[in-house]
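Predicted model and sequence below, questions to follow.
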Amino acid sequence: MNLFIQTKAFNPSLIGCAVRIKGHDVDGEAYNRLFLVKDTESDHIKVVNSVGSVLEIGMENFEIPGCLEVTVLEEKE
């Protein structure tokens, strides 16, 4: 029996960051929009779009090659 397990989780420091999500999720829905990260859970991320709707996206959508890609946007000074 293993004493420790390794898990993947979304980085909680993403909360409050602007991100661009681009590609198609596992259900075939297309994304190419900006979002604000509202919350992170172990295997899901909650984002808010420009009209205030909250979307919950599972980690599997980012792990499968050719699905979704996320870019964290940084403010230029």
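Structure received.

Just the residues contacting stretch 63-77, thanks.
If you take CB atoms under 8 Å, 6 or more residues apart in numbering as the criterion, stretch 63-77 is touched by 14, 17-26, 31, 34, 57, 60-62. The way it works is simple: take the backbone N, C-alpha and C, and place the C-beta from them, glycine included.

do you know how far the most centrally placed residue in the chain is from I57?
The centroid of the chain falls nearest to I45 when counting by CA atoms, centre = their mean (4.9 Å). For I45, the distance to I57 equals 5 Å [CB to CB, to the nearest Å].

What of V72?
V72 is 15 Å from I57, by CB to CB.

again, but for G66
16 Å.

Compare V72 and I57 (neighbour count), which wins?
I57 (20 against 12; other CB atoms under 10 Å).

The more buried one: what's it in contact with?
Counting by CB under 8 Å, 6+ apart, I57 has contacts I21, D25, H44, I45, K46, V47, L68.

Done for today, thanks.
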